[in-house]
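K.L.:
Mind looking at a prediction? Sequence and model below.
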Amino acid sequence: MTKDLTKGSPAKLIVAFTLPLLIGNIFQQLYNMADTLIVGRTIGPDALAAVGCTGSVMFFIIGFAQGMTSGLSIVVAQRFGAGDEEGVRRSFAMGIVIAGGVTILLTAIAVLLARPVLELMQTPAKIIDDAYSYIVVIYAGIAASVLFNFLSNVLRALGDSRTPLIFLVIASLLNIGLDFVFILGCSMGVSGAAFATVISQAVSGLLCLAYIVKRFPILHIKRGDWRQGKGQMLLHIRLGLPMGFQSSIIAIGTITVQVALNTLGTTAVTAYTAASKIDNLMTMPSMSFGIAMATYTAQNYGANLIKRIQAGVRRCCLIAGSISVLLGLVNIFAGNYLVMAFVGESSQEIVSLSQIMLTINGICYVFLAILFIFRNTIQGLGNSFIPTLSGILELAVRIFAAIVLTSFWGFTGACLANSMAWISAMILLVIGYFVVRRRLLNRPEMAVPRAVFPEGHEE
């Protein structure tokens with residue numbers, strides 16, 4: 001059930017690996033989109049704003065868990081690429097230990113601080129109670145998110161991007177069904193949407209676990225695999241925690257933007273929420289190609305195929321960049337019609353504001369695609385410093401936009417935060433990639449002869 005990404009056409013392998021990721025990420029977005037759509041059209045605009053204003057603070061915690069599990073799985077992919085089955089099992093075991101400990105800590109901190117953080121963010125009084133009811137349930141179910149993200153990332157590290165897709169489809173359909181049951185049938189309000197999300201994530205995680213037990217003997221941990229020294233733990237922490245912190249650093253920037261939006265009123269919050277759902281969907285191809293490059297790079301790095309990584313990066317930039325341009329045009333010319341699905345045709349002020357954000361972001365999607373590709377490639381090479389530095393740069397730019405530009409240009413200034421952060425981080429990551437690549441190629445033991453490429457696949 002594994003897939004070796006060190007042999008064959010780089011472009012074909014990356015596209016084939018990305019397609020299930022893309023479909024899976026789209027269905028994962030349905031978790032939140034279903035909540036938003038059902039909440040907005042059945043409970044009302046204020047409830048929609050309540051769910052939407054939790055997005056950045058929710059990503060601060062959940063994003064850390066997702067980034068951490070991605071980092072832990074990179075070691076698994078590198079060991080698999082090197083043909084080290086014992087190393088794969090030992091890395092999987094270490095990942096379980098670290099992910100379990102971090103989950104307990106994150107859950108305790110997040111649940112306790114949920115309400116104070118919403119107050120600190122100046123969440124409008126009319127929506128703060130609903131916002132808390134939603135976010136506290138999500139935080140209490142962090143373990144479900146970690147379970148699925150860790151196990152699905154490990155499956156992808158071994159080249160299987162199809163199975164997590166199947167489980168995501170099942171979970172997404174379950175989530176939508178539970179939304180109607182809890183919100184309309186049980187009158188649970190926004191907390192019902194949160195319970196639906198957590199339960200669905202738990203089901204998808206348990207399905208991954210059952211599948212690993214049945215179909216992946218390479219991940220069947222032996223007693224001796226648990227006995228590892230501090231060196232192995234530090235190796236995994238060195239990749240896992242910085243990638244988690246990187247996601248949280250970016251989230252701090254989005255929280256700052258959310259605070260600025262909160263000061264502009266409920267209409268601005270609702271418009272940004274509705275536009276964000278469309279924006280998240282449109283950026284899925286770029287994110288999916290980036291995730292694919294992390295696994296592709298890690299496996300080929302483990303096999304010492306550095307020049308093959310270069311070929312993959314070039315081809316991926318061309319494919320993902322072209323798709324991003326097309327999706328940006330959809331944003332610009334059809335974004336208002338997409339927003340109406342969430343807020344209806346009567347809320348023209350909300351639709352107009354949402355179109356501003358979708359236009360600004362759509363113009364810059366190509367930069368985001370390059371950012372994802374280079375960030376994940378560098379992480380696949382085992383370098384966590386440069387991606388973390390790029391996250392800090394994104395934070396600084398978003399804070400600047402939130403404080404300065406919003407005060408001058410209001411909603412438009414807040415919307416400029418994303419594009420400015422993307423471009424700044426992309427420049428740093430591109431430079432960082434070429435620096436890391438040069439160092440690897442100049443090391444004799446890492447240099448790869450041209451013969452490793454199948455005929456017709458060398459650039």
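P.N.:
Thanks, I have the structure now. Remember, it's a predicted structure, so these values are computed and weren't measured experimentally.

K.L.:
Can you name every helix or strand that the lowest-mean-pLDDT helix or strand in the chain contacts?
P.N.:
Ranking every helix and strand in the chain by mean pLDDT, DSSP states H and E puts helix 45-52 at the bottom, with a mean of 74. Applying 3 or more Cβ pairs under 8 Å, 6 or more residues apart in numbering; DSSP states H and E, we find helix 45-52 packed against helix 10-38, helix 125-140, helix 190-215, helix 266-282, helix 306-343. Every C-beta, even on glycine, is put in place using the N, C-alpha and C of the backbone.

K.L.:
What's the first helix or strand after the shortest one?
P.N.:
Right, the one you point to is helix 125-140. Downstream of helix 125-140, the first helix or strand assigned by DSSP states H and E is helix 142-157.

K.L.:
now that next one, how far from the centre of its chain.
P.N.:
Centre-to-centre, helix 142-157 and its host chain are 12 Å apart (Cα atoms, centre = their mean, to the nearest Å).

K.L.:
Now do that helix against helix 10-38, angle only.
P.N.:
Interaxial angle, helix 142-157 versus helix 10-38 (axes from the mean of the first three to the mean of the last three Cα atoms, to 10 degrees): 160 degrees.

K.L.:
Name the residues of the helix or strand following helix 142-157 that come out as buried.
P.N.:
Downstream of helix 142-157, the next assigned helix or strand under DSSP H and E is helix 162-179. For helix 162-179, the neighbour count (16 or more other Cβ atoms under 10 Å) marks 162-169, 171-172, 174-176, 178-179 as buried.

K.L.:
can you check stretch 381-393 too?
P.N.:
For stretch 381-393, by 16+ other Cβ under 10 Å, it's 381-384, 386-393.

K.L.:
Turn these into TSV, columns for distance to Leu368.
P.N.:
Output for those, formatted as TSV (distance: Cβ to Cβ, whole Å):
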residue	distance to Leu368
Leu381	21
Gly382	24
Asn383	21
Ser384	20
Ile386	17
Pro387	15
Thr388	18
Leu389	18
Ser390	12
Gly391	14
Ile392	18
Leu393	14
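
K.L.:
for these, which one is nearest Val117?
P.N.:
Gly391 (19.8 Å; Cβ to Cβ).

K.L.:
Check which helices and strands the helix or strand hosting the closest one is in contact with.
P.N.:
Using DSSP H and E, Gly391 sits within helix 385-400. Contact here means 3+ Cβ pairs under 8 Å, 6+ apart; on that basis helix 385-400 packs against helix 230-264, helix 365-380, helix 411-441.

K.L.:
quick one, which of the ones you listed is packed in tightest?
P.N.:
Mean neighbours per residue, mean count of other Cβ atoms under 10 Å, is largest over those for helix 365-380, with a mean of 26.

K.L.:
angle of it against helix 385-400?
P.N.:
140 degrees.

K.L.:
If you count contacts, what does helix 365-380 end up packed against?
P.N.:
On a contact count with 3+ Cβ pairs under 8 Å, 6+ apart, helix 365-380 meets helix 55-81, helix 284-302, helix 306-343, helix 385-400, helix 411-441.

K.L.:
Out of these, which gets nearest to Lys12?
P.N.:
Checking the helices and strands packed on helix 365-380 against Lys12 by Cβ to Cβ gives helix 306-343 as the closest, at 9.3 Å.

K.L.:
need the next SSE after that closest one, C-terminal direction.
P.N.:
helix 348-363.

K.L.:
Contacts for that following helix, please.
P.N.:
Helix 348-363 has contacts (Cβ atoms under 8 Å, 6 or more residues apart in numbering) with 45, 267-268, 270-272, 274-276, 278-279, 282, 327-332, 335-336, 338-340, 343, 345, 411-412, 415-416, 418-419.

K.L.:
Filter these down to the buried ones.
P.N.:
45, 268, 270-272, 274-276, 278-279, 282, 327-328, 331, 335-336, 338-340, 343, 411, 415-416, 418-419.

K.L.:
who's in contact with stretch 365-378?
P.N.:
Contacts of stretch 365-378 (Cβ under 8 Å, 6+ apart): 282-283, 285-287, 289-291, 293-294, 297, 309, 313, 316-317, 320-321, 323-325, 327-328, 331, 386-387, 390, 419, 422-423, 425-426, 429-430, 432-433, 436.

K.L.:
is it true that Ile183 touches Ile43?
P.N.:
Yes. In this structure, Ile183 is within contact of Ile43 by Cβ atoms under 8 Å, at 7.1 Å.

K.L.:
The two: who's more crowded?
P.N.:
Set Ile183 next to Ile43 and count neighbours by other Cβ atoms under 10 Å: Ile183 wins out with 23 against 20.

K.L.:
Please name the residues that touch the more buried one.
P.N.:
38-39, 42-43, 189, 192-193.

K.L.:
one more time with 7 Å
P.N.:
Residues near Ile183 by Cβ atoms under 7 Å, 6 or more residues apart in numbering: 38, 42, 189, 192-193.

K.L.:
Tell me the buried residues within these.
P.N.:
Buried among the contacts of Ile183 by 16+ other Cβ under 10 Å: 38, 189, 192-193.

K.L.:
Same list (the helices and strands packed on helix 365-380) but as JSON lines, adding mean pLDDT and distance to Phe92.
P.N.:
Formatted as JSON lines, these follow (pLDDT from 0 to 100; distance: least, Cβ to Cβ, whole Å):
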{"stretch": "helix 55-81", "mean pLDDT": "86", "distance to Phe92": "6"}
{"stretch": "helix 284-302", "mean pLDDT": "93", "distance to Phe92": "14"}
{"stretch": "helix 306-343", "mean pLDDT": "91", "distance to Phe92": "24"}
{"stretch": "helix 385-400", "mean pLDDT": "89", "distance to Phe92": "23"}
{"stretch": "helix 411-441", "mean pLDDT": "91", "distance to Phe92": "26"}
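
K.L.:
Using CSV, lay out those helices together with distance to Ser354.
P.N.:
Putting those into CSV (distance: least, Cβ to Cβ, whole Å) gives the following:
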stretch, distance to Ser354
helix 55-81, 15
helix 284-302, 18
helix 306-343, 4
helix 385-400, 19
helix 411-441, 10
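
K.L.:
Just tell me which of the ones you listed ends up closest to Leu13.
P.N.:
That would be, of those and by Cβ to Cβ, helix 284-302, which comes in at 6.8 Å.

K.L.:
got a pLDDT number for Ile43?
P.N.:
Listed pLDDT for Ile43 reads 73.

K.L.:
Quick check: it vs Met284, distance?
P.N.:
For Ile43, the distance to Met284 equals 26 Å [Cβ to Cβ, to the nearest Å].
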